[in-house]
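Colleague: Any chance you could fold what I've pasted below:
(one chain, ligands or ions: 4)
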Amino acid sequence: MITEQESTVLVGDEGDEQMSNLSSNTAMRDVIRSRYSRRSLLQGSLSAAALGFLGAGLVGCGSSSSDDTPPGGDNGNGNGGANGNGEIEAPVLLGFAAIPVSDADTVVVPEGYSVRAILPMGEPIAGSYPSYALDNSGEEQGMQMGSHHDGMHFFPIEGEHPYEGSSAEGFIVMNHEYVEPRFMHTAAIGQALSRSNVPVLNEDNERDADQVLKELNGHGVSIVRMREEERGHWVVVADDRNRRVTGLTPMEISGPVRGTDFVKTRFSPTGTMTRGTLNNCAHGVTPWNTYLAAEENWAGYFRNSTAADRDALPREQSRYGVRHAGQTSRYLWDQANEDPDLHQQRFARFDVGATGDSALEDYRNEPNGFGWMVEIDPFDETHTPVKRTALGRFAHEGVVFANVEEGKPVVCYSGDDAQNEYIYKFVSAQPYYADTAGGHLLDTGTLYVARFNEDGSGEWLPLIYGMAPLNDANGFRSQADVLVNTRLAADALGATKMDRPEWGAVNPLTGSVYFTLTNNTSRTDDNTDAANPRAQSRWGHIIRWDEANGNAAGTRFEWDIFILAGPTDDSAFNGEALTDEQIFNSPDGLWFDKEARLWIQTDISEGVMNSGDWAQFGNNQMLACDPINKVLRRFLTGPLGQEITGVVTTPDQRTMFVNVQHPGATTTPADFAEGDINSRFPDYDNAIYPRSATLVITKDDGGVIGS
Ligand code: FEO
Ligand code: CA
Ligand code: CA
Ligand code: CA
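Modeller: Residues are numbered from 1 along each chain as shown. Ligands and ions are numbered 1, 2, ... in the order given. Just a heads-up that it's a prediction; the model follows:
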């Protein structure tokens, strides 16, 4: 059995979500228990829930008429309204029977639903459409679906609106978070490799350059036109706009960091460009119909060969977990065996040591080009992806937009997924008008970080250079400095350290914001707080808030805990423990459909999945929740070793796409060496190795998914 302590170490060793926050922000330890018992669990009436507030007793909980109706905003996916009493008419949204937990190597959906897998890693989607084979070259991988499918959106083919248009044809755009080298290379066969080990190095301690290219091309984003040929059967449509954005694709840097010394490199002496996007987790969809890729655990891909230890790293590297000379980089890409010119072009930048005479002669600033949100236009294959630096630099787990209103600022939220990191909000300086909206709105504005007070109130603290403490006296010298060092700025402001913020979702009917806090085994008894109430939080929770007076651009909010995840004897939802048909842990993916069903996806770590206290939850799963009527039911269970992440429906809600990431990842090194892989998803009898893939879910009666 794997103990909790061991599991923490395992996760850290694998390079995901390691803790880099060593700041001394105090946590609100003495408030927790009273708050946890007093009002951490939602139990308001329908009208109270519709308000988005949590009933009586809240400090600062307004009852003015402006609070009595949901915001009239429209992010394009809202269709709700209030009745004459200011209460939302709320039919029960869930019409399916819950399914049990599962530890089988298969996908299970409720009775009356069908599920198929499409777009596995390696599926040809662009260029010369090379067929999938284990010995595909690195170049071929760059014309195929990447690996480790994550956040995803279906863009209707008309290209006019992110949530309206065709439900039978459109572009599926998705992030590929990382790769599993042992499932990608013939050189791995017969070796005892874990999911993060790389195939053999040569006698000079170098990696094969084409393996490295293949891994870089397995990362990034896929943009692929899909059409429903018959009900539930979707096929790839050849289109010049189909493309892969990878770890190598040239990208613009925009916003306050553009052109500053922080991002000048040998590749871009003007500090305006960088190459590639890495470790893209969750995603975002802008109101102007573009896609945002989030850069999450990018830091470990870089190694600083001239910094002997952590203390020798510059702060913009150490606070994020860039590796020092005493460590190895995640996939050893800096050790690629390549001819010098190509090496310089592709791989030299993963050594971020100060090896040259100046920043223009090496890649010491390369990591400053990562940690951003990246905007991609799926309808223009000539569009250069843009890193939007005004949204801050951290381990972005996607971004979610508040319901937009004409003439008001654009507001979006993004979590920093690492232990004890923060939740942020960006408010544009320019107002939103549908006719003129575009990515420029994300280049000027104010980034805020959240402080959750013990009494259920909250504050958005602005990250503005020159406003104390973000001034020269404290080592901040420009707004670009504040943004490159977003985490340090948030530390200085006294933001609330959270239990690993993952996805956020905004209720299209009420504007309430929900965030998953997946788990945090590093939290101690001494630093629990009201918003993160459990020491050694193994199960995670979902928090939610409402902006004061319905003003998403404001600086105050009211919050509460929506669900405490966990087993039947250590969980809570609407004042009661979760039942067998509801238990889950490590919430991660989170998405509202247009009728305000909340879809919750789980990511139990591979280090503990199906073992010890985690065994009772089975494989990773997806649940559906009706947040108004307080109904929660398990909807889907996935195969072995994977996480369920990424969910969207077609505009008619009659087709749902869900991603299955890293099936078979729990295969032990010894079993891998024997060819005994514990998952064969999605090819089963024809499987070479398990592959990440997308599920297509339909209801047999043709109805709305979940209804
Ligand atoms: Fe990549 Fe935070 O999940
Ligand atoms: Ca995630
Ligand atoms: Ca994961
Ligand atoms: Ca996760």
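
Colleague: Which pLDDT value goes with residue 140?
Modeller: pLDDT, residue 140: 99.

Colleague: Please disregard the earlier target; I meant residue 301.
Modeller: In this prediction, residue 301 carries a pLDDT score of 98.

Colleague: just the one 3 residues further on next, same as before
Modeller: At residue 304, the model reports a pLDDT of 98.

Colleague: ok, now how distant is it from ligand 2?
Modeller: 27 Å (C-beta to the ion, to the nearest Å). In short, each C-beta sits where N, CA and C put it, glycine included.

Colleague: before we move on, which element is the residue in the stretch 101-250 of the chain positioned nearest to ligand 2 in?
Modeller: Nearest residue of the stretch 101-250 of the chain to ligand 2 (C-beta to the ion) works out as residue 150 at 6.4 Å. Here residue 150, judged by DSSP states H and E, is contained in strand 149-156.

Colleague: for residue 274, same thing?
Modeller: Counting by DSSP H and E, the element that carries residue 274 is strand 273-275.

Colleague: Provide the contact partners of the helix or strand just after that strand at residue level.
Modeller: Going down the chain from strand 273-275, the next helix or strand is strand 284-285, by DSSP H and E. Contact with strand 284-285 is made by 151, 153, 162, 291-292, 294, 373, 398-401, 412, 414, as judged by C-beta atoms under 8 Å, 6 or more residues apart in numbering.

Colleague: Next SSE downstream of strand 284-285?
Modeller: The C-terminal neighbour of strand 284-285 among helices and strands, as given by DSSP H and E, is strand 291-294.

Colleague: So that next one, near ligand 4 or not?
Modeller: No. Strand 291-294 is not in contact with ligand 4 by C-beta under 5 Å from the ion; minimum separation 12.1 Å.

Colleague: so what pLDDT did the closest residue to ligand 2 within the stretch 551-700 of the chain get?
Modeller: Residue of the stretch 551-700 of the chain nearest ligand 2, by C-beta to the ion: residue 588 (4.3 Å). We have a pLDDT of 98 for residue 588.

Colleague: Can we start the residue count at 42 from this point?
Modeller: Happy to do that; since the first residue is 42 now, the last one works out to residue 629.

Colleague: Contacts only, for it.
Modeller: If you count contacts by C-beta under 8 Å, 6+ apart, residue 629 has them with 543, 544, 557, 559, 642, 643, 644, 684, 686.

Colleague: That one belongs to a helix?
Modeller: No. Applying DSSP: H, G, I helix; E, B strand; the rest coil, one finds residue 629 to be strand, outside a helix.

Colleague: Quick one: work out the angle between the longest strand belonging to the chain and strand 190-197.
Modeller: Looking across the chain with DSSP state E, the single longest strand is strand 261-271. Counting by axes from the mean of the first three to the mean of the last three C-alpha atoms, to 10 degrees, strand 261-271 lies at 50 degrees to strand 190-197.

Colleague: by contact count, what packs against strand 261-271?
Modeller: Packing contacts for strand 261-271, counted by 3 or more C-beta pairs under 8 Å, 6 or more residues apart in numbering; DSSP states H and E, involve strand 210-217, strand 274-277, strand 284-286, strand 332-335.

Colleague: which of the residues in it are buried?
Modeller: Neighbour counts over strand 261-271 (16 or more other C-beta atoms under 10 Å) mark 261, 262, 263, 264, 265, 266, 267, 269 as buried.

Colleague: ok, now stretch 655-663?
Modeller: In terms of neighbour count (16+ other C-beta under 10 Å), stretch 655-663 has its buried residues at 655, 658, 659, 660, 661, 662, 663.

Colleague: Contact partners for the third one?
Modeller: Contact criterion C-beta under 8 Å, 6+ apart gives 142, 143, 144, 651, 678 as the residues in contact with residue 659.

Colleague: if you set the cut-off to 10 Å instead, what comes out?
Modeller: By C-beta atoms under 10 Å, 6 or more residues apart in numbering, residue 659 lies in contact with 141-145, 149, 624-625, 643, 645, 650-651, 675, 678-679, 681.

Colleague: Apart from its chain neighbours, what residue comes closest to it?
Modeller: Computed as C-beta to C-beta, 6 or more residues apart in numbering, the closest residue to residue 659 that is not its neighbour in sequence is residue 142, at 3.4 Å.

Colleague: try the last one
Modeller: With sequence-adjacent residues excluded and distances taken as C-beta to C-beta, 6+ apart, residue 663 is closest to residue 677, at 4.3 Å.

Colleague: ok, the residue lying closest to residue 424 once chain neighbours are set aside - how many residues close by?
Modeller: Nearest residue to residue 424, sequence neighbours excluded (C-beta to C-beta, 6+ apart): residue 418, at 4.0 Å. Using other C-beta atoms under 10 Å, residue 418 is surrounded by 21 other residues.

Colleague: Residue 450 touches residue 478, doesn't it?
Modeller: No. With contact defined as C-beta atoms under 10 Å, residue 450 does not reach residue 478; the gap is 11.4 Å.

Colleague: any common contacting residues for these two?
Modeller: Joint contacts of residue 450 and residue 478 (C-beta under 10 Å, 6+ apart) are 469, 471, 472.

Colleague: For this protein, which residues are neighbours of ligand 3?
Modeller: Proximity of the chain to ligand 3 is confined to 644, 684 under the rule C-beta under 5 Å from the ion.

Colleague: so the residue nearest to residue 663, which of the three states?
Modeller: Classification of residue 677 using three-state DSSP returns strand.

Colleague: State the pLDDT value of it.
Modeller: Residue 677 carries a pLDDT value of 99.

Colleague: Send me stretch 337-350 as CSV with only the CA atoms.
Modeller: Output of stretch 337-350 as CSV, limited to C-alpha atoms (Å, rounded to 0.1, in the frame of the first residue of the first chain):
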residue,chain,number,x,y,z
GLU,A,337,0.9,24.9,-16.2
ASN,A,338,3.8,22.8,-15.1
TRP,A,339,6.3,24.2,-17.5
ALA,A,340,9.1,25.0,-15.0
GLY,A,341,10.5,21.5,-14.7
TYR,A,342,11.2,21.3,-18.4
PHE,A,343,14.1,23.8,-18.0
ARG,A,344,17.4,23.3,-16.2
ASN,A,345,19.8,26.0,-15.3
SER,A,346,23.3,24.5,-15.7
THR,A,347,25.1,27.5,-14.1
ALA,A,348,23.1,27.6,-10.9
ALA,A,349,24.6,25.1,-8.4
ASP,A,350,21.5,24.9,-6.2
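
Colleague: is any part of that stretch close to ligand 4?
Modeller: No. In terms of C-beta under 5 Å from the ion, no part of stretch 337-350 sits within range of ligand 4; the closest distance is 8.8 Å.

Colleague: mind listing what's buried in that stretch?
Modeller: 337, 338, 339, 340, 341, 342, 343, 344, 345, 346, 348.

Colleague: Which residue does the stretch 192-341 of the chain have closest to ligand 4?
Modeller: Proximity to ligand 4, evaluated over the stretch 192-341 of the chain using C-beta to the ion, is greatest for residue 322 at 7.2 Å.
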